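Engineer: what follows is a predicted protein model with its sequence.
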Amino acid sequence: MAYILLYVDDIILTASSDTLRKSIMMLLNSEFAMKDLGPLSYLLGIAVTRHAGGLFLSQKKYAEEIIEHVGMSSCKSYPTPIDTKSKLIAKSSTPYKDPSHYRNIAGALQYLTFTRPDISYEVQQICLFMHNPMDEHMHALRRILRYIQGTLHHGMHLYPSLITSLVSYTNTDWGGCPDTRRSTSGYCVFLGDNLISWSSKRHPTLSPLKLNTEVLPMWFLSPIGYAISF
């Protein structure tokens, strides 16, 4: 068995045996000019480190570049990425002076969530206001960066596992958005011991019943679980 991951001109190849891997490499080389860079160590801004238990995926360098771009390299870190005592609202304060800058940083943080599920909800929240950011929204964005500053070593561990079952967890608030009263759902999917999919998303419509908000995430997860099972 072999798996090939292709992105533009970058290829990751893994196989059940080294003989099979070399055979596939020979076939590819016969059709395309290629260079074998050896064991995977870096791809699309994600560093891959091998350890005794498996793999560690990290975007530390990318996170440092974001913080440096904002001019917060020497900022004080925060232990949490969000203020749990209040919620962001659309018209909360003075409009932020540079909306394009806000959108640029918020978009960069979205890519960081590829290995940082711990900031998925917080990034989803600040992205709700990309069309018209306020000073308060930028303050919330900077708080996420302060949290990242203190957790640059965080990333994703992937371990070999004898367990092949899919297990999903979901949670939802009910009418949690102060502006629209829409609900927000989050989910995570484990394949064995490994977290392989996660998301935080506001519902597209209002949910008149709390039961609806609980069922909708499971409906979202159905095609994901079906695709992964193959």
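Structural biologist: Cool, the structure landed. Numbers count the residues shown, from 1 in each chain.
Engineer: can you give me the strands for this structure?
Structural biologist: Secondary structure of the chain, counting by DSSP state E: strands at 2-7, 10-15, 42-43, 46-51, 54-58, 156-158, 166-172, 184-191, 194-202.
Engineer: deepest of those, which one?
Structural biologist: strand 184-191 (a mean of 19; mean count of other CB atoms under 10 Å). In this view, the C-beta of every residue, glycine as well, is placed from N, C-alpha and C.
Engineer: keeping just the C-alphas, turn that one into PDB.
Structural biologist: What follows is strand 184-191, C-alpha atoms only, in PDB (Å, rounded to 0.1, in the frame of the first residue of the first chain):
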ATOM      1  CA  THR A 184     -21.600  28.200  17.000                       C
ATOM      2  CA  SER A 185     -20.500  24.600  16.800                       C
ATOM      3  CA  GLY A 186     -17.200  22.900  17.200                       C
ATOM      4  CA  TYR A 187     -16.100  19.300  16.500                       C
ATOM      5  CA  CYS A 188     -13.000  17.200  16.600                       C
ATOM      6  CA  VAL A 189     -12.500  13.700  15.000                       C
ATOM      7  CA  PHE A 190     -10.000  11.100  16.300                       C
ATOM      8  CA  LEU A 191      -8.700   8.200  14.300                       C
END
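Engineer: run the chain-centre distance for it.
Structural biologist: Here strand 184-191 shows a centroid-to-chain-centroid distance of 12 Å under the convention CA atoms, centre = their mean, to the nearest Å.
Engineer: ok, now stretch 119-130?
Structural biologist: How far stretch 119-130 lies from its chain's middle: 11 Å, per CA atoms, centre = their mean.
Engineer: buried set for that stretch?
Structural biologist: Using 16 or more other CB atoms under 10 Å as the test for burial, stretch 119-130 gives Ile119, Ser120, Tyr121, Glu122, Val123, Gln124, Gln125, Ile126, Cys127, Leu128, Phe129.
Engineer: please apply the same query to stretch 14-31.
Structural biologist: By 16+ other CB under 10 Å, the buried positions in stretch 14-31 come out as Ala15.
Engineer: quick check: mean pLDDT of that stretch?
Structural biologist: For stretch 14-31, the mean pLDDT works out to 91.
Engineer: which parts of the protein are helices?
Structural biologist: In the chain, the helices defined using DSSP state H lie at 18-31, 60-70, 99-112, 120-127, 135-149, 210-229.
Engineer: out of the ones you listed, which gets nearest to Phe190?
Structural biologist: Nearest of the helices of the chain to Phe190, taken as CB to CB: helix 210-229 at 10.5 Å.
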